[in-house]
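Asker: Okay, here's the prediction I keep looking at, along with the sequence it came from:
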Amino acid sequence: MNRLKQTLDLGPAEVLPMAREAILTWKLQESAGVIARPVRRVQVGQVVNLWLNPTWPLPAPRLRGRELTVPVGSCEVIEVIDAESAAGFVYRTLPGHLESGEQTFLVSVGSDGRLGVSITSESVPGRPLLKAAAPMPLAAQKMMALRYVVGLKRMLQQASVRGTDRQPAAQSAMTPVAEAVAASTRTGTRRSG
């Protein structure tokens, strides 16, 4: 069983409403190059299909009007957390997904008044070929968890800048996320602050 936990400080608790919206409307996945369909507010029993954009942080290429993406599989939301100081959800993968297990996406305010994001998962490879390729699937999961937390932090920072400066983002905001993921992958370190 692969167990994974990736956390990151997001800043002061006042950004919780924006983080809540990002988590509960699948924007978190989008920030990491994952496409979830159908897109609607997270609810228990909801089934979503997931695809990965292979050219992230760039938009997915198109051919004959269709996005060229990599199918990941389907998941079912089994729990939704929507409390005063926390928001998130848990999904379970369905047969055919690349992984077999559960993943939790959570933002919460700590006793220090800071907002943090936590991505946790427990899974095993969902296909025999992935089992044979170990430890590559775990490395891919770690990379995706890092993309999720750094992507959420970037979204919140951009929203704050746009809210105070009233300026649209001038360049692709995914570039810093891609750089953080690449640096972490090269050095084998985890960003947690």
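Answerer: Good, I have the coordinates. What you are looking at is a predicted structure, and each value in this text was computed from that prediction instead of being measured.
Asker: only C-alpha atoms for contact and neighbour calcs from this point on.
Answerer: Will do.
Asker: so what's the residue of the chain most remote from its centre scoring on pLDDT?
Answerer: The C-alpha centroid of the chain is most remote from Arg64, which lies 28.4 Å away (C-alpha atoms, centre = their mean). Per-residue confidence (pLDDT) for Arg64: 93.
Asker: backbone phi and psi for it, please?
Answerer: phi 50, psi 40 (degrees, to the nearest 10).
Asker: With Pro57 instead?
Answerer: Torsion angles, degrees, to the nearest 10, at Pro57: phi -90, psi 0.
Asker: and it, how many neighbours?
Answerer: 17 (other C-alpha atoms under 10 Å).
Asker: if I read this right, it contacts Glu30, doesn't it?
Answerer: No. Counting by C-alpha atoms under 8 Å, Pro57 sits too far from Glu30 to count as a contact (10.2 Å).
Asker: returning to what we had before: if I look at the residue farthest from the centre of the chain, how far off is Gly73?
Answerer: 23 Å (C-alpha to C-alpha, to the nearest Å).
Asker: before we move on, what about Gly116?
Answerer: Taken as C-alpha to C-alpha, the span from Gly116 to Gly73 is 28 Å.
Asker: In terms of neighbours, single out the busier of these two.
Answerer: Gly116 (24 against 19).
Asker: hang on, the more buried one packs against Gly88?
Answerer: No. In this structure, Gly116 is not within contact of Gly88 by C-alpha under 8 Å, at 11.7 Å.
Asker: Mind listing the shared neighbours of those two?
Answerer: Here Gly116 and Gly88 share the contacting residues Val107, scored by C-alpha atoms under 8 Å, 6 or more residues apart in numbering.
Asker: quick one, helices of this protein?
Answerer: Counting by DSSP state H, the chain has these helices, from start to end: 16-24, 27-31, 128-132, 136-165, 174-187.
Asker: Just the pLDDT at the residue nearest the centre of the chain, thanks.
Answerer: The chain has Tyr148 as the residue nearest its centroid, 3.1 Å off, counting by C-alpha atoms, centre = their mean. Tyr148 is assigned 92 on the pLDDT scale.
Asker: pretty sure it is touching Leu28, no?
Answerer: Yes. With contact defined as C-alpha under 8 Å, Tyr148 counts as touching Leu28 (6.2 Å).
Asker: Stretch 79-88 - what's its average pLDDT?
Answerer: Mean predicted confidence for stretch 79-88 is 97.
Asker: If you could redo that for stretch 19-33, that was the one I meant.
Answerer: Computed over stretch 19-33, the average pLDDT equals 95.
Asker: Then stretch 111-127?
Answerer: The pLDDT scores in stretch 111-127 average 89.
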